[in-house]
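Student: sequence below, structure please.
(one chain, ligands or ions: 2)
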Amino acid sequence: MTSLIAVLPGDGIGPEVMRAGLRVLRAAADRHSLDIETREASFGGRALAETGAPFPSSTRDLCLEADAVLLGAVGLPGPPPADPALRPEQGLLNLRALLGVYANLRPIRPLPGASDASPLRADKLAGVDLIVVRELTGGVYFGEKQEGDDAASDLCTYSSEEVERVVRYAAGLARSRRGRLTSIDKANVLATSRLWRTVTGRVIAEEFPELELDHLLVDAAAMRLLTHAAQFDVLVTENMFGDILTDEASVLTGSLGMAPSASVGEGRRALYEPIHGTAPDIEGRNLANPCGMILSVAMMLELSLNSPEAARDVEAAVAASIADGVRTADIAGSATTEQLTEAILARLGRSTP
Ligand code: IPM
Ligand code: MG
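Tutor: Ligands and ions are numbered 1, 2, ... in the order given. Below you'll find the predicted structure:
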């Protein structure tokens, strides 16, 4: 059966990293005999310019039909449109809500070579292999907003069901890994965090008693990610804490440009996107690091195209290229986007018989 992939290159460096990602996807699909069809649609700032909306209905229809959505980055340089509904970022939030992808997986695994570029000492990076599960369709991102000239408010709400489903997902992941789950909240201040902590404790006690569960306040978690990251296995947290902590955690990999993500929910639909933004300062200059996108393609190969072999193949090719010194400027190298992509393509399949 053919898997349909909706391709949304988006804005800034989105299209250039998408080109790299699609080349690797096609090569991996060929090697592993996967039947895929890709269809592109406009999204974000580009869609706003072309159609007057960041998430036009034709793109929406394609995303609903697709088995997976692959996204570059969205955002516009300069002042945002006055109407919040027209902001490219709002299009992204609407896409996540439409697909129902409440669990956003952000693995952080420093690769030898790339992490040389990290401002953290090597001993802080040794043994780091963690994954943040960020709740993606609730919390303050989706609460009621009031915006006036003198006052504004953003409501943060969570229901116990919203907490349960993402905690269950994270717990399942922890069970398949090292059995440690860290739940991050701000229960000393926030009511939503107290609900989060209670529900998490209950789900783990009732359904995953074999796991080792810790609760950590978000400020302490921010510190421990830099001081003791190797102690973490799976972290689960609400939407905004997850957004902030994963940009921070990407420093462990050497660069925000290295970090991939996958967003999944109940059904077959899933969304794959690097965690970096549009980087307008380097747009169109062949300087962007394509690894965040290519590693997102690997996550798609595993989770949506059911080919963990193809995923391992792509990950090994990325690791080998970086280890061989083919690195973009953000990870202390001088390779272009295309040179690093070529290096990855050349190494694809070398490590698997
Ligand atoms: C991310 C991004 C988005 C978010 C922005 C672009 C809305 O920072 O995916 O981490 O905050 O979720
Ligand atoms: Mg972010």
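
Student: residues of this structure that sit close to ligand 1?
Tutor: For the chain, the residues in contact with ligand 1 (Cβ under 6 Å from any ligand atom) are 75, 89, 92, 243, 275. For the C-beta atoms, the positions are set from N, CA and C on the backbone; glycine is no exception.

Student: using CSV, write out every CA atom in stretch 324-332.
Tutor: Listed next in CSV are the C-alpha coordinates belonging to stretch 324-332 (Å, rounded to 0.1, in the frame of the first residue of the first chain):
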residue,chain,number,x,y,z
ASP,A,324,33.7,12.0,9.5
GLY,A,325,33.7,15.8,9.9
VAL,A,326,31.1,16.8,7.4
ARG,A,327,29.5,19.5,9.5
THR,A,328,27.6,22.7,8.9
ALA,A,329,28.6,26.0,10.5
ASP,A,330,26.3,25.6,13.5
ILE,A,331,28.2,22.5,14.5
ALA,A,332,31.6,24.0,14.0
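
Student: just the buried residues of it, please?
Tutor: For stretch 324-332, a neighbour-count test (16 or more other Cβ atoms under 10 Å) marks 326, 327, 328, 329, 330, 331, 332 as buried.

Student: would you turn those residues into TSV with pLDDT and secondary structure?
Tutor: Listed next are these as TSV, based on pLDDT from 0 to 100; DSSP: H, G, I helix; E, B strand; the rest coil:
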residue	pLDDT	secondary structure
326	97	coil
327	97	coil
328	97	coil
329	96	helix
330	95	helix
331	95	helix
332	93	coil
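
Student: just give the number of residues close to the residue of the stretch 151-300 of the chain found nearest ligand 1.
Tutor: Scanning the stretch 151-300 of the chain for the residue nearest ligand 1 gives residue 243, at 4.4 Å (criterion: Cβ to the nearest ligand atom). Using other Cβ atoms under 10 Å as the criterion, residue 243 is surrounded by 18 other residues.

Student: and it, what does it touch?
Tutor: Shown in contact with residue 243 (Cβ atoms under 8 Å, 6 or more residues apart in numbering): residue 134.

Student: cool, and residue 2?
Tutor: Counting by Cβ under 8 Å, 6+ apart, residue 2 makes contact with 35, 36, 37.

Student: what helix or strand does the nearest residue to residue 152 once chain neighbours are set aside sit in?
Tutor: Spatially, and ignoring its direct neighbours in sequence, residue 152 is nearest to residue 146 (6.1 Å; Cβ to Cβ, 6 or more residues apart in numbering). Assigned by DSSP states H and E, residue 146 falls within strand 145-147.

Student: so what's the closest residue to residue 210 other than its chain neighbours up against?
Tutor: Closest residue to residue 210 apart from its sequence neighbours, by Cβ to Cβ, 6+ apart: residue 179 at 6.7 Å. The neighbours of residue 179, taking Cβ under 8 Å, 6+ apart as the test, are 210, 211, 212, 233.

Student: buried subset of those residues, written for ChimeraX?
Tutor: Here is the ChimeraX command that selects the buried residues among the contacts of residue 179 (16+ other Cβ under 10 Å):
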select :211,233
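
Student: residue 118 contacts residue 125, doesn't it?
Tutor: Yes - counting by Cβ atoms under 8 Å, residue 125 is a contact partner of residue 118 at 6.2 Å.

Student: joint contacts of those two?
Tutor: Common neighbours of residue 118 and residue 125, using Cβ under 8 Å, 6+ apart, are 110, 252.

Student: check contacts around the closest residue to residue 236 other than its chain neighbours.
Tutor: Among residues not flanking residue 236 along the chain, residue 170 sits closest, at 3.7 Å (Cβ to Cβ, 6+ apart). Applying Cβ under 8 Å, 6+ apart, we find residue 170 in contact with 103, 133, 181, 234, 235, 236.

Student: quick check: closest non-adjacent residue to the fourth one.
Tutor: Read it as residue 234. Nearest residue to residue 234 in three dimensions, chain neighbours excluded: residue 174, at 4.1 Å (Cβ to Cβ, 6+ apart).
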